[in-house]
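J.: Pasting the sequence and the predicted coordinates here, then a few questions.
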Amino acid sequence: MTRALLMLLALALAGCGARDDRTEIVVQRFFGECGAVYGQSIDVAKAETECGILTTIINRFEAENPDVKVRLNVVAWPGYPQLAAQIAAGDPPDLVTMHQSVISDYAGGGLLEPVDGLLAQAGIAPAQMTDAARRGVTKSGRTYGLPIDTIGRLFHINTRLMRQAGLMQGDRPILPGSPDELLRQARQFRAATGKPYLLQGQVAAPDVNVGNLYTYLLAQDAVIFPDARHVRLATPEATRIVNLYKQLAAERLSPLDQDFSAAHNAFIGGQGGILATGTWMIGAYDEVARDPASKLHDSYTVLPYPRLWGRAAAFVDGHAWVVPKHERGAAEQAAIARFLKHMARYDFDWTRTGHLPAFRAILDRPDFKALPHRTDIAAMAATGQQLPGYVPRQSAIQGLIGEELEAAVSGQKPVDQALKDAERRVNELLGEML
Amino acid sequence: MSRDRLSLPALIGVLIGAAIMVAPLIWTLLLSLKGNAELMRDSATAFSAPYTIDNYRAIVTGSLVPRWLLNSTIVALGQTAGVLILCSLAGYGFARFEFPYRRAIFAFVVIGLAIPEQAVILPRHQLFALLGLHNSYPGLILPGLVAPFGVLFMTQYFRAIPRDLDEAALLDGASRLTLFWKVLLPLTIPAQATLGVFTFLGAWNDYWWPLISATTSDRYTLTVGLASSQMNYAQTSGLGFLMAQAVFASVPILAVYVIFQKQIVRAMAGTAVR
């Protein structure tokens, strides 16, 4: 017994002596945890879903870089409370997933490292990125992250109902080319099918109305934020956009009483013609459409928002890997550069989630074009625009504008008044910023 | 003990009320037993077979779930034990001893009830960072030990115990500690149980502080861990998994409720304090 204990002690001491000489980097991401399915997976091409693909890409990095140890933190979406806490505690991770619209807040506060040098070390030039992706990570002339995609809102379309309404030309849906035509088509759709034309899931979702407003303001070349302290919303351009959506709601062509889950269920249940939601749902709806038991069977396609005013435009966002400011040695810097290079290398696989690629070359790849619907939406990688990089607190601003737009679209407040109130509230917020 | 029988209309009313209360729970349970892809097509399929335990299997085989369960158990039990010890001692002190500024100190403690956690979270986070307590069990347990309600509750309970008992014990030669430990504390068991159950439930369900204090996956509590497991738009493409998580996280709470049902009902009815 004593001998056994001594042997155990010796083994334990021997274990204590074993040192891990690998360079450790702490990688923090959202997109969920799927270790049960993808914990050991390194075949990126076979992985599915955001979580599965990203987990597999990271696993593969570890497999190909045995001298680097990745300590992975999966955070609850979107992870910014935790990141802020980690930064405040002086212990931020080395790499973090961040929405491009949030980068301004952290970069403006000096909390992120510019990654121009790291990208150069990884052999990645900003010129290789799509316009939308490059704009998303560039703030004040510096690059603050490796973009991995562009995400934006699209028209997901039930082609069976559109055909019933006479709004198909061959296999292509006929989308409107002006606000009047949109209303005309929506009424025609309603008369033919008895169902609403446009589902949006607006309840508790300020981003819906704000996304619509930004998209069509950009289409009209309106300057939304002339500088970092002011927004311009009480304008004829904004008024005509909000009036259009108010009219759609007033005629019940676009229901106001649905949250996203309700709108989603209505769409896959064949209870509406078009669902305006993001790139991230393409894969899911495509799968539903392949199911013969589904009411969306063989009846699904997706297109960018129709061009109602001015030029083709889309308000977009995207995901990026950023590097919080922290003292790091050369080995950590090199490991981070290798990680960024690895992520860029697998950007095509990431686009299988439905997001648009961050690199131009992928747009021309046959395997990208072979993915369902991608050629229809690829233009958004060029037309997509974020808010200017100098605009802080974009999420908070979205909440303020969203409240006012909801009041305007539902008829609780005159459109002009709502836009004036939104402008005043946002300007007050921006005025309080340091 | 005799019980009044409900009249038929009242019974029907109660049954309807119970059905309304239970319906979301049954809906949640049924959804958790269906495949995500099937629910993505039509959530009404929850009412018909086939059912599967795949969502629960995915939770249990998730690499860190057992660790998160352990963390939640340690934190909830640690906070419960700490609160019971500290609040009992404080309640005994405030109820039985005269000391300078007793009323002022008691009022100061009770004022804590009016201070929301959000108001102190930043300085607390900074303090814990300075002390290096984040991502540790003490870091997760210590904030929960500040329990002004518990002090107030136990003080009131001790005050309700006749002082004659103290005098009799002291006359028999008991020390103050013996009086507390052997005479008074056993009489507070109902209050201890009530306070313990509520503290445990609060600690188990806490999300905000663990979210920002435990920032490494292996230190997450179950609430934070399960939230981190969710993919974006889980309510559509992962509805079954989401509901299974809800059921999974609530099972320990349900167990506590079943075991301590009597104490909880008494507390809710306000009868724990005599």
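T.: Alright, I've got the coordinates. Numbers count the residues shown, from 1 in each chain, chains lettered A, B, ... in the order given.
J.: Flag the shaky bits of chain B, pLDDT-wise.
T.: B:1-4, B:62-63, B:232-237, B:267-274 (pLDDT under 70).
J.: farthest residue from the center of it?
T.: When distances to the mean C-alpha position of chain B are computed (CA atoms, centre = their mean), the maximum falls on B:Leu171, with 40.1 Å.
J.: what sits against the residue nearest the centre of chain A?
T.: Nearest to the mean C-alpha position of chain A, counting by CA atoms, centre = their mean, stands A:Ile151 at 3.8 Å. Contacts here follow CB atoms under 8 Å, 6 or more residues apart in numbering or on different chains; on that basis A:Ile151 touches A:278-280, A:316-319, A:355-356. C-beta coordinates here come from the backbone N, C-alpha and C atoms, glycine included.
J.: A:Val27: helix or strand, and which one exactly?
T.: In the assignment (DSSP states H and E), A:Val27 maps to strand A:23-29.
J.: Could you pull up the mean pLDDT of that strand?
T.: Mean pLDDT, strand A:23-29: 95.
J.: Beyond it, next helix or strand please.
T.: Next along from strand A:23-29, by DSSP H and E: helix A:35-38.
J.: How about the residue nearest to the centre of chain A: which residues does it bridge to?
T.: Assessed by DSSP bridges, A:Ile151 has beta-bridge partners A:Asp317.
J.: And what about the residue nearest to B:Thr45 when sequence neighbours are not counted, helix, strand or coil?
T.: Leaving out its chain neighbours, the residue that sits closest to B:Thr45 by CB to CB, 6 or more residues apart in numbering or on different chains is B:Glu38, at 5.3 Å. Under DSSP: H, G, I helix; E, B strand; the rest coil, B:Glu38 falls in the helix class.
J.: now B:Glu38: how far from A:Ala36?
T.: B:Glu38 sits 19 Å away from A:Ala36, going by CB to CB, to the nearest Å.
J.: What of A:Tyr106?
T.: For A:Tyr106 relative to A:Ala36 (CB to CB), the value is 32 Å.
J.: And those two? Which one has more around it.
T.: A:Tyr106 (23 against 15; other CB atoms under 10 Å in any protein chain shown).
J.: Am I right that that one is in contact with A:Val322?
T.: Yes - using CB atoms under 8 Å, A:Tyr106 makes contact with A:Val322 at a distance of 7.1 Å.
J.: Overlap in contacts, the two.
T.: A:98, A:112, A:144.
J.: thinking A:Ala125 is in contact with A:Thr143, fair?
T.: No - with contact defined as CB under 8 Å, A:Ala125 does not reach A:Thr143; the gap is 10.0 Å.
J.: Now do the shared contacts for those two.
T.: With CB under 8 Å, 6+ apart, A:Ala125 and A:Thr143 have common neighbours A:Leu119.
J.: what's the model's confidence in stretch A:55-75, averaged?
T.: On average, stretch A:55-75 scores 95.
J.: Next, the buried residues of it.
T.: Across stretch A:55-75, burial judged by 16 or more other CB atoms under 10 Å in any protein chain shown covers A:55-62, A:65, A:68, A:70, A:72-75.
J.: List the contacts of that stretch.
T.: Defining contact as CB under 8 Å, 6+ apart, one finds that stretch A:55-75 is touched by A:20, A:22-35, A:38-44, A:46-47, A:82-83, A:93, A:335, A:338-339, A:342-343, A:346, A:349-350, B:215-217, B:228-229.
J.: Give me the buried entries from the residues you listed.
T.: Taking 16+ other CB under 10 Å as the criterion, what is buried in the contacts of stretch A:55-75 is A:23, A:25-35, A:38, A:41-42, A:44, A:47, A:82-83, A:93, A:335, A:338-339, A:342-343, A:346, A:349-350, B:215-217, B:228-229.
J.: show me the contacts for the residue nearest to A:Met168 when sequence neighbours are not counted.
T.: Nearest residue to A:Met168 in three dimensions, chain neighbours excluded: A:Met162, at 5.2 Å (CB to CB, 6+ apart). Neighbour list for A:Met162: A:168, A:173-174, A:189, A:273 [criterion: CB under 8 Å, 6+ apart].
J.: send the alpha carbons of the helix or strand containing A:Met162 over as CSV?
T.: Per DSSP H and E: A:Met162 is located in helix A:159-164. C-alpha atoms of helix A:159-164 as CSV (Å, rounded to 0.1, in the frame of the first residue of the first chain):
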residue,chain,number,x,y,z
THR,A,159,-41.6,31.5,-55.5
ARG,A,160,-44.8,29.4,-55.5
LEU,A,161,-46.8,32.2,-54.0
MET,A,162,-45.1,34.8,-56.2
ARG,A,163,-46.1,32.7,-59.2
GLN,A,164,-49.7,32.5,-57.9
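J.: Tell me the gap between it and the middle of its chain.
T.: Chain-centre distance of helix A:159-164: 29 Å, with CA atoms, centre = their mean, to the nearest Å.
J.: what residues are up against B:Leu171?
T.: Contacts of B:Leu171 by CB under 8 Å, 6+ apart: none found.
J.: just B:Thr216 next, same as before
T.: Applying CB under 8 Å, 6+ apart to B:Thr216 gives the contacts A:71, A:73, B:135.
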